[in-house]
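Novice: based on what follows, work out the 3D shape:
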Amino acid sequence: MSSFTVRLANWQADQSAVSSIRETVFIHEQHVPIELEWDQFDEDCLHLLAQDDDGRPIGTARLLQDGHIGRMAVLKEWRGRGVGTALLKYLLREAERRLLVVVIINSQSYAIGFYARIGFQLEGKEFIDAGIPHVRMVLNLCKQTG
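Specialist: This next block holds a predicted model:
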């Protein structure tokens, strides 16, 4: 079984790798319109890149400065192998390092259980984004004491 690594990505240097994953997952598999996939936030986000042992890109995610997590994508052949969890946990450590109090994700509805296992909680009702059902989920990063 192949292993993988997750690292901080540099948008300028890693844009091609990050873009190829997002295009495969969102545009080709999920039929998200290309004009909805790319936005003005990419240049200012913290991006992660997961790579297999040979350095091939297999997953990505981003964290906006306001605590929104998004564009989490893992190539189909790597799903169910811990890549998404590794990406998410890395983003949460980075959010804590940046002293964010709450992180938010607009999860595709089918992935609610994935985020709930990490501690995210549903907030609000289901909505449609890019033709796909989503729900808003939040995670409070403040540690409870007592």
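Novice: how far does the lowest-mean-pLDDT helix or strand in the chain sit from its chain's centre?
Specialist: Of the helices and strands making up the chain, the lowest-confidence element is helix 34-37, at a mean of 88, by mean pLDDT, DSSP states H and E. When C-alpha coordinates are averaged (C-alpha atoms, centre = their mean, to the nearest Å), helix 34-37 and its chain have centres 16 Å apart.
Novice: what of stretch 11-29?
Specialist: With C-alpha atoms, centre = their mean as the basis, the distance from the averaged C-alpha position of stretch 11-29 to the chain average is 12 Å.
Novice: and it, which residues are buried?
Specialist: Residues of stretch 11-29 classed as buried: 14, 17, 18, 19, 21, 22, 23, 25, 26, 27 (neighbour count, 16 or more other C-beta atoms under 10 Å). Bear in mind the C-beta positions are built from the backbone N, C-alpha and C, glycine included.
Novice: list the contacts of the least confident helix or strand of the chain.
Specialist: 22, 23, 26, 27, 130 (C-beta atoms under 8 Å, 6 or more residues apart in numbering).
Novice: considering those residues, which is situated nearest to residue 99?
Specialist: residue 22 (27.8 Å; C-beta to C-beta).
Novice: before we move on, the earlier item: just the ones of the contacts of helix 34-37 in helices?
Specialist: By the criterion of DSSP state H, membership of the contacts of helix 34-37 in helices covers residue 22.
Novice: centre-most residue in the protein?
Specialist: Ranked by distance to the mean C-alpha position of the chain (C-alpha atoms, centre = their mean), the top residue is residue 72 at 2.5 Å.
Novice: OK, contacts around that one?
Specialist: Contact partners of residue 72, counting by C-beta under 8 Å, 6+ apart, are 59, 60, 61, 84, 87, 88, 105.
Novice: phi and psi next, for the last one.
Specialist: The one in question is residue 105. Its backbone dihedrals place residue 105 at phi -140, psi 140, with angles given as degrees, to the nearest 10.
Novice: my guess is it meets residue 120, correct?
Specialist: Yes: the criterion here is C-beta atoms under 8 Å, and residue 105 meets it with residue 120 at 6.5 Å.
Novice: for these two, list the residues in contact with both.
Specialist: Overlap of the contact sets of residue 105 and residue 120 (by C-beta under 8 Å, 6+ apart) consists of 137, 138.
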